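J.: Here's my sequence, what's the structure:
(one chain, ligands or ions: 1)
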Amino acid sequence: MPLRKYQSTYFTLSMSSFSFSRHLFQKCIDQEMELNGAQNNGINGNFMYGNSVHHVSVRTQVSVNPAKLKSLRQRWNVRPSEMSKKTLNPIRAIVDGMKLTPNPEKPMIALSIGDPTVFGNMPTDDTVLQAVKEAIDSHKYNGYAPSVGYQKSREAVANFYSCPEAPLEDKDVILTSGCSQAIELAINVLCNPGDNILVPRPGFSLYKTLAVSMGIQVKHYNLLPEKSWEIDLQHLESLIDDKTACLIVNNPSNPCGSVFSREHQHKILSVASRNCIPILADEIYGDMLQVSRGEFCARHYRPRSQDSHELDQ
Ligand SMILES: Cc1ncc(COP(=O)(O)O)c(C=O)c1O
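T.: Down below sits the predicted model:
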């Protein structure tokens, strides 16, 4: 049964210099039908568009599906979505509710927020500050940026992380709003509801917050305090099943502060390679390290061959 027949709709519009798109017109009709229980064959009224009010007089011949009428809402009933109900950030739950009265005799050291800059320990480099100031003063960047980031910026990132074994181009890079958005995007791309992801324990809580809200199961693999918080590889591998969509590796680790040795990283890669599980590498603190980048960074590793599962530098 046709709901509406716009071919036979005729309407008169009394509006000043205003082009009334078919889309907007349909919206008006929809709204009017909702308000009036879709009884009418026409619309008469004032509509706001921009800053001005326009009088619209519309006659329609609209066929209405009675079944649809029953479902029209009679009153407001806006409820939180299922996803929002499943979204819980345990860090915020603890930190926001914390009420401490500091001992006035002692200086307080805040250990709750991993933001060294705010406590003056890692000031932003002058080169960065200067570049930001120049960008603002230039007025060149006041509009919308491409949603994946400016090409020049993506090129710069690609050049920085590129290596002969895994060459990168700007099209391989997406700039996000913080690492949180990058993690969310990556989980969204790799996982479907019902899949599971492997997450370190102890670990950064956001992985679980995001995954659970998307209907993705979280399986925790253990880190071993007696081994400088290395991954318990046997435990890790025992968790993998056919629903495992990705392995999250956080190195250097929050909250452990540990950095995996090259050898340990090879072993992690072997597990992932043997089971064909992609790694989501959260290396947010990688550039804070005082050691040479090669000691740590995953970009220096690649599978030697799919069959041998051995890994090369
Ligand atoms: C391991 C880890 N990953 C991701 C994030 C989120 O980073 P951002 O603040 O850039 O969203 C944090 C922040 O504390 C973190 O510790």
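
J.: where does residue 108 land in three-state SS?
T.: Three-state call for residue 108 (DSSP: H, G, I helix; E, B strand; the rest coil): coil.

J.: Report how many residues lie close to residue 164.
T.: 6 (other C-beta atoms under 10 Å). Every residue, glycine included, has its C-beta placed from N, CA and C.

J.: what do you get for residue 194?
T.: 10.

J.: Correct me if wrong: it contacts residue 241.
T.: No. Residue 194 is beyond contact range of residue 241, at 11.8 Å (criterion: C-beta atoms under 8 Å).

J.: Residue 246 looks like it's in a strand, true?
T.: Yes. Looking at residue 246 with three-state DSSP, it is inside a strand.

J.: list the contacts for it?
T.: Contacts for residue 246 were tallied using C-beta atoms under 8 Å, 6 or more residues apart in numbering; they are 186, 187, 190, 191, 197, 198, 277, 278, 279, 280.

J.: Is it correct that the last one falls within a strand?
T.: So that's residue 280. Yes. The assignment for residue 280 is a strand, going by three-state DSSP.

J.: about what we covered before: among the contacts of residue 246, which lie within helices?
T.: 186, 187, 190 (DSSP state H).

J.: near the ligand, which of the residues you listed show up?
T.: For the ligand, no contacts are drawn from these by C-beta under 6 Å from any ligand atom.

J.: Which among those residues count as buried?
T.: Among the ones in helices among the contacts of residue 246, those buried by neighbour count (16 or more other C-beta atoms under 10 Å) are 186, 187.

J.: quick one: which of the ones in helices among the contacts of residue 246 is nearest to the ligand?
T.: residue 186 (11.3 Å; C-beta to the nearest ligand atom).

J.: Which strand residues bridge the closest residue in space to that closest one that isn't next to it in sequence?
T.: Leaving aside its chain neighbours, residue 186 sits nearest to residue 280 (5.1 Å; criterion: C-beta to C-beta, 6 or more residues apart in numbering). Under DSSP bridges, the beta-bridge partners of residue 280 are residue 248.

J.: Go through the ones in helices among the contacts of residue 246 and say which is closest to residue 163.
T.: Using C-beta to C-beta, residue 186 is the member of those that sits closest to residue 163, with 20.5 Å.

J.: so the closest one makes contact with residue 281?
T.: No. Counting by C-beta under 8 Å, residue 186 sits too far from residue 281 to count as a contact (9.5 Å).

J.: Now for those two: what residues contact both?
T.: With C-beta under 8 Å, 6+ apart as the test, residue 186 and residue 281 reach no residue in common.

J.: Between the two ends of stretch 156-174, what distance do you get?
T.: 12 Å (C-alpha to C-alpha, to the nearest Å).

J.: wait, I meant stretch 143-163
T.: 33 Å.

J.: Tell me the buried residues in that stretch?
T.: Quick answer for stretch 143-163 (16+ other C-beta under 10 Å): 149, 154, 155, 157, 158, 161.

J.: Residues touching that stretch, excluding its own?
T.: In contact with stretch 143-163 (C-beta under 8 Å, 6+ apart) are residues 141, 168, 169, 170, 171, 172, 173, 174, 175, 299, 300.

J.: rewinding a little: can I have the buried ones of the contacts of residue 246 as a PyMOL selection?
T.: Buried residues among the contacts of residue 246 (16+ other C-beta under 10 Å), as a PyMOL selection:
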select buried, resi 186+187+191+197+198+277+279+280
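
J.: Nearest to residue 231 among the buried residues of stretch 143-163?
T.: Among the buried residues of stretch 143-163, residue 161 lies closest to residue 231 (C-beta to C-beta), at 23.2 Å.

J.: element containing the closest residue to residue 254 other than its chain neighbours?
T.: Leaving aside its chain neighbours, residue 254 sits nearest to residue 204 (4.8 Å; criterion: C-beta to C-beta, 6+ apart). Following DSSP states H and E, there is no helix or strand that holds residue 204.

J.: Please report phi then psi for residue 204.
T.: Per-residue torsions, residue 204: phi -70, psi 130 (degrees, to the nearest 10).

J.: got a list of what residue 201 touches?
T.: 220, 221, 222, 223.

J.: From residue 249, how far off is it?
T.: 13 Å (C-beta to C-beta, to the nearest Å).

J.: cool, residue 94 as well?
T.: Counting by C-beta to C-beta, the gap from residue 94 to residue 249 is 25 Å.

J.: In a markdown table: the contacts of residue 246, plus pLDDT.
T.: Listed next are the contacts of residue 246 as a markdown table, based on pLDDT from 0 to 100:
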| residue | pLDDT |
| --- | --- |
| 186 | 97 |
| 187 | 97 |
| 190 | 97 |
| 191 | 97 |
| 197 | 98 |
| 198 | 98 |
| 277 | 98 |
| 278 | 98 |
| 279 | 98 |
| 280 | 98 |
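
J.: how many neighbours does residue 107 have?
T.: Neighbours of residue 107 (other C-beta under 10 Å): 7.
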